[in-house]
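1. quick one, what's the 3D model for this:
(chains A and B)
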There are 2 protein chains.
Amino acid sequence: MTLLKELDTLIDSLEHVIVDHAVNLIRFPTTSKNEAGAQQYVKEVMTGLGCTTVDLWEPDINLLKSHEAFVSSRSDFKGSPNVVGTWKGTGGGKSLIINSHIDIVPEGSVDEWQYSPFGGDVDKGVIYGRGASDMKASKAAVFGAIQALSQAGVQLKGDLIVQSVIEEETGSAGSLACALKGYKADAAIVPEPTGFNICPAQQGSSWFRIDIRGKSAHAGQRYLGVSAIDKAIVVIDALHEFETFLNQTYTSSLYTGVPIPFSLNIGTIRGGDWASTVPEKVTIEGRLGVPPGLSLKKAWQLLEDRVQQKVSQDPWLARNRPVIEWFGAWWGPAEIDPDHPIVTSVRTACENTLSFSPDIKGTPWGTDARILTEFADTPALVFGPGTSAHCPDEFIPIKDLVMFAKILAAVIVDWCGN
Amino acid sequence: MTLLKELDTLIDSLEHVIVDHAVNLIRFPTTSKNEAGAQQYVKEVMTGLGCTTVDLWEPDINLLKSHEAFVSSRSDFKGSPNVVGTWKGTGGGKSLIINSHIDIVPEGSVDEWQYSPFGGDVDKGVIYGRGASDMKASKAAVFGAIQALSQAGVQLKGDLIVQSVIEEETGSAGSLACALKGYKADAAIVPEPTGFNICPAQQGSSWFRIDIRGKSAHAGQRYLGVSAIDKAIVVIDALHEFETFLNQTYTSSLYTGVPIPFSLNIGTIRGGDWASTVPEKVTIEGRLGVPPGLSLKKAWQLLEDRVQQKVSQDPWLARNRPVIEWFGAWWGPAEIDPDHPIVTSVRTACENTLSFSPDIKGTPWGTDARILTEFADTPALVFGPGTSAHCPDEFIPIKDLVMFAKILAAVIVDWCGN
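-> Prediction:
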């Protein structure tokens, strides 16, 4: 039996271990500031898997603040540790980072879930819960792959570094802390739920807020006022037009076939105080997708210019300009060469394991891969099982998880050498 | 000197008394449930002005509840009395009700006021404050007119009934309580701020709430979701079209020259939870103006039918229907004959007092005149000084107030006889 076949067989026998890890991790409700318990669990698992060193620390926000990629609304990271386990190689091989975040977005309205967000339910071969695909189950698969390698007696030549990071969902401060601590490798894999698409490129994203003014009046004489809701619709039209412009102007073969490669989402709208009063203010918030190759700052400028130019045609808005603000978190775009050897390694492993040939694509969202590629000198690709994220009844099929562990084990052996 | 000239001279000399009453009333912040102090003040003033009887009572909500015109979100009217003062006539004349509400809408954002909402500031001949024009100052002018009549020794033949009512801004429960207690007269004047327009007709109004559903998705793949904001815009378009239809279909010569006689205002919009998520629900609230001659129920049905018909052209909305609800308070439309003798009496008094000829119009809003006309067997018209209402720096010019007192005194003498 070849090594890869042996690893496949071992991983099949470890399915229950992978599922247990996934369920255990889902049961920690690791929203921002609540990661400590889960990270302690991760540390224990890594230690049990014989890592050479395990590094658990709360990032010092003062070391991060001056970095151009730093973004966070927190004042410190107390109670929110990163964990990095290193399996030291015997020498002469290439090193590999596998980076996955431990934090999750909030569960949202529980009424919309059929399963408990933090129950870790397993039903007909599928694991449910917040973080199931984004991205606790893939972390569990990493552990399964390493356990299989260990049981097969594999001695890696290059270092294998597994990072479990905080704050991905709020701007990548955890991965930035790893980079600034000096963690780097010859390549990295970030197992976000790409549905087994291999993604050497990721788009950036940035949140905007736009305040639109009107003029209040009694509803019965609404012609004496100016409706901020009607004016917000003019701005929304301008944003839709900007999205079209952006996608016509910045194209990438990695996004071929995607209906809207770089989408602009208007996520919230709030305006007016009273049914009987003409609304004098509306605020909209949204998210702009930023194509690889376009800087965030350039993207901001493009949007602002196009929107202001468009609304100039409206006499009221020309005199009462919408105020555009870029707020909260942002993730820059990043890309590596689609022919980079790590891409080839993952593709080869996929072709040996999956019944289909994965696509080489760009991601629809920002990820921590950008931090690794741009600030840790570590070319990173995004590749993982699952497709659901940030939604009720988030889920991951167990068979995808097992396939992912097999692919990972093959990539680790191929990349690090044995 | 004729009696009218004498009354004019007396009222000029009473300007400071009228201003003091207005300022004192503005200093009571009489939002719903906070009317008691001001009503006690009104009772004292009426008593001082020699009324035959003064009736102060807290309406019993149980006596009102079964009435078709009853609308209130309150469970009782404890601490919220009505006051009615009656000046009994010597007999043989026509009786007159003057009805003004003591309640006000909230002051809104104080930042938008230059003057204090409850300070009662007087600046360059103008009184400022919440309730200045809607409608405490006109109540003060009523007192000034009565004081002048008293000082002139006028003995009225018909009864003069002055009602100071609660809850006009929230659905007319105070005036309904007066009607059900048996107060009626040969005519009534409701001195809302019509800017000296004489209004034998008033439009109705009713609040609606519409829930629009979308389908959530991650912003980066917004094409997998359906934006409830985009769908709300379809509904808003349909509402604008309905307003056009309504104003083309239901016309009235009393609204000639008004840009939008029966306006539909979309007052609030709320939707979405997160910049990075396709919004799955939007709620809009608004106010529909209802033409005189159209019942509220018919108006509701017309709006619902037109909106649902319009949105049927949108495949998503055809399957996911907007839910329309009529909530909160409503005011029915009402009208009296534009040639009714009370209209003639007011017009004649205006022509003798004002430097301009007032228009005969319909109101842009609902008022308590409807309760008097329809449920107290008392034909009521709406007529008063001032034009601002429900806005920051609500105000009333003192000269308008003095003119209004003069007109009122003349109408009282003409209508009730002496």
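
2. the helix or strand containing A:Met46 - contacts with which helices or strands?
-> Secondary structure from DSSP states H and E places A:Met46 in helix A:36-48. In terms of contacts (3 or more Cβ pairs under 8 Å, 6 or more residues apart in numbering or on different chains; DSSP states H and E), helix A:36-48 is packed against helix A:15-26, strand A:53-57, strand A:82-87, helix A:137-151, strand A:160-165. In this view, the C-beta of every residue, glycine as well, is placed from N, C-alpha and C.

3. I'd like the ones you listed as CSV, with mean neighbour count and mean pLDDT appended.
-> Converted to CSV, these look like this (neighbours: other Cβ atoms under 10 Å in any protein chain shown; pLDDT from 0 to 100):
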stretch, mean neighbour count, mean pLDDT
helix A:15-26, 20, 98
strand A:53-57, 15, 98
strand A:82-87, 24, 98
helix A:137-151, 25, 98
strand A:160-165, 26, 98
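
4. distance check, A:Glu304 against A:Glu285.
-> 15 Å (Cβ to Cβ, to the nearest Å).

5. repeat that for A:Asp60.
-> 31 Å.

6. comparing these two, which residue is more hemmed in?
-> A:Glu285 (23 against 13; other Cβ atoms under 10 Å in any protein chain shown).

7. dump the residue contacts of that one.
-> Applying Cβ atoms under 8 Å, 6 or more residues apart in numbering or on different chains, we find A:Glu285 in contact with A:207-210, A:266-268, A:327, B:272, B:275.

8. try it again at 7 Å.
-> Each residue near A:Glu285 by Cβ atoms under 7 Å, 6 or more residues apart in numbering or on different chains is listed here: A:207-209, A:267-268, B:275.

9. grab the nearest non-local neighbour of the closest residue to chain B within the stretch 301-418 of chain A.
-> Residue nearest to chain B within the stretch 301-418 of chain A: A:Pro364 (3.4 Å; Cβ to the nearest Cβ). Leaving aside its chain neighbours, A:Pro364 sits nearest to B:Gly220 (3.4 Å; criterion: Cβ to Cβ, 6 or more residues apart in numbering or on different chains).

10. got it, and A:Ala334?
-> A:Arg370 (3.7 Å).

11. ok, now which ones touch the one you found?
-> Applying Cβ under 7 Å, 6+ apart, the residues near A:Arg370 are A:202, A:331-334.

12. if we go to 10 Å?
-> Applying Cβ atoms under 10 Å, 6 or more residues apart in numbering or on different chains to A:Arg370 gives the contacts A:69, A:172, A:175, A:190, A:202-204, A:292, A:331-335, A:380, A:382.

13. which helix in chain A has the most residues?
-> If you go by DSSP state H, chain A has its longest helix at helix A:228-249.

14. remind me what that one packs against, helices and strands.
-> strand A:204-213, strand A:264-271, strand A:281-290, helix A:296-311, helix A:315-319, helix B:228-249, strand B:264-271 (3 or more Cβ pairs under 10 Å, 6 or more residues apart in numbering or on different chains; DSSP states H and E).

15. for these, give me JSON lines that also has mean pLDDT and distance to B:Pro358.
-> Output for those, formatted as JSON lines (pLDDT from 0 to 100; distance: least, Cβ to Cβ, whole Å):
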{"stretch": "strand A:204-213", "mean pLDDT": "96", "distance to B:Pro358": "35"}
{"stretch": "strand A:264-271", "mean pLDDT": "97", "distance to B:Pro358": "37"}
{"stretch": "strand A:281-290", "mean pLDDT": "97", "distance to B:Pro358": "36"}
{"stretch": "helix A:296-311", "mean pLDDT": "96", "distance to B:Pro358": "41"}
{"stretch": "helix A:315-319", "mean pLDDT": "98", "distance to B:Pro358": "32"}
{"stretch": "helix B:228-249", "mean pLDDT": "98", "distance to B:Pro358": "24"}
{"stretch": "strand B:264-271", "mean pLDDT": "97", "distance to B:Pro358": "26"}
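
16. A:Gln309 and A:Pro322: what is the separation?
-> On the measure of Cβ to Cβ, A:Gln309 and A:Pro322 end up 12 Å apart.

17. these two: who's more crowded?
-> Higher neighbour count among A:Gln309 and A:Pro322: A:Pro322, with 20 against 11, using other Cβ under 10 Å.

18. and A:Ser13, how many neighbours?
-> The local packing of A:Ser13 (other Cβ under 10 Å) involves 11 other residues.

19. likewise for A:Tyr183?
-> Neighbourhood size, A:Tyr183 [other Cβ under 10 Å]: 22.

20. so it: helix, strand or coil?
-> coil (DSSP: H, G, I helix; E, B strand; the rest coil).

21. spatially central residue for chain A, please.
-> By Cα atoms, centre = their mean, chain A has its centre lying nearest to A:Thr367, at 3.8 Å.

22. still on that earlier bit, now the longest helix of chain A and strand A:204-213, what's the angle there?
-> With axes from the mean of the first three to the mean of the last three Cα atoms, to 10 degrees as the basis, helix A:228-249 and strand A:204-213 are set at 150 degrees to each other.

23. and the furthest pair within the contacts of A:Arg370?
-> A:Ser175 and A:Pro292 (17.9 Å; Cβ to Cβ).

24. for those two, work out which one has more neighbours and name it.
-> Between A:Ser175 and A:Pro292, A:Ser175 has the larger neighbour count (other Cβ under 10 Å), namely 31 against 22.

25. quick one on the thing from earlier: who touches both of A:Gln309 and A:Pro322?
-> Residues within reach of A:Gln309 and of A:Pro322 at once, by Cβ under 10 Å, 6+ apart, are A:Ala238.

26. ok, now which ones touch A:Gly171?
-> A:69-74, A:328-331, A:366, A:368, A:371.

27. where does it sit: helix, strand or coil?
-> Secondary structure, three-state DSSP: A:Gly171 is coil.

28. the one helix or strand in chain A whose mean pLDDT sits lowest: which residues count as buried?
-> Least confident helix or strand, chain A: strand A:323-331 with a mean of 92, by mean pLDDT, DSSP states H and E. For strand A:323-331, the neighbour count (16 or more other Cβ atoms under 10 Å in any protein chain shown) marks A:326, A:328-331 as buried.

29. where are the low-confidence patches of the stretch 1-150 of chain A?
-> By pLDDT under 70, the low-scoring segments of the stretch 1-150 of chain A are A:1.

30. quick one: name the residues of it near chain B.
-> By the rule Cβ under 10 Å from any Cβ of the partner chain, the part of the stretch 1-150 of chain A lying against chain B is A:105-106, A:108-109, A:112, A:134.

31. if you set the cut-off to 7 Å instead, what comes out?
-> For the stretch 1-150 of chain A, the contact set with chain B under Cβ under 7 Å from any Cβ of the partner chain is empty.

32. follow-up on the earlier one: farthest pair in the buried residues of strand A:323-331?
-> A:Trp326 and A:Trp331 (12.3 Å).
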